[in-house]
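> pasting the sequence and the predicted model now:
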Amino acid sequence: KEYSSLQTLGGFTDFDRLKFKIVTKDGVEINVAADRCGGDDSVGIVTDAQTGAELARYSMPDEETVANIPTLQSKYGDAMPYFFTQDPDYLKLK
């Protein structure tokens, strides 16, 4: 609750930051933290519950997407910046 932040702007209410934990019946824990105002990147980290050792890390956007941002900025200069990092996802949805 200390991390999470619920905001109301222009009549719309939504979280700009959110943190929560899910515990399955088998005791598997999943911790999620999100900050919608924290930049254009996302990171998922998998750790060992016993040791805290990092087992895997997943990042978005990847290097290929980042390298394509200048091209997209030239083509769509007035678009919101987060669209440039999400371009591959929008192309898949089309």
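Now that the structure is in, tell me what you want to look at. Since we're looking at a predicted model, the values are computed, not measured.

> who's in contact with Thr65?
85, 87-88 (CB atoms under 8 Å, 6 or more residues apart in numbering). (Glycine included, C-beta is placed from N, CA and C.)

> what's the lowest-pLDDT member of the residues you listed?
Within those, Pro88 has the lowest pLDDT, namely 81.

> tell me what the spatially most central residue of the chain is bridged to.
By CA atoms, centre = their mean, the chain has its centre lying nearest to Ser42, at 3.6 Å. On the basis of DSSP bridges, Ser42 is bridged to Met60.

> that one against Met60, yeah?
Yes - using CB atoms under 8 Å as the test, Ser42 is close enough to Met60 to be in contact (4.4 Å).

> phi, psi for Leu93 please.
Backbone geometry at Leu93, expressed as degrees, to the nearest 10, gives phi -80, psi -20.

> where exactly do the helices run in the chain?
63-75, 81-93 (DSSP state H).

> out of those, which gets nearest to Thr51?
helix 63-75 (29.2 Å; CB to CB).

> okay, buried residues for the closest one please.
65, 72 (16 or more other CB atoms under 10 Å).

> what's the answer for stretch 36-54, then?
Asp40.

> give me the contacts around that stretch.
15-17, 28-29, 55-61, 81-82, 84-85.

> what's the first-to-last distance across that stretch?
Start-to-end span of stretch 36-54 (CA to CA, to the nearest Å) is 24 Å.

> and for stretch 72-79?
Per CA to CA, the first residue of stretch 72-79 is 9 Å away from its last.

> residues in contact with it?
83-84, 87.

> let's see that with 7 Å instead.
84, 87 (CB atoms under 7 Å, 6 or more residues apart in numbering).

> and Ala34, what does it touch?
17-18.
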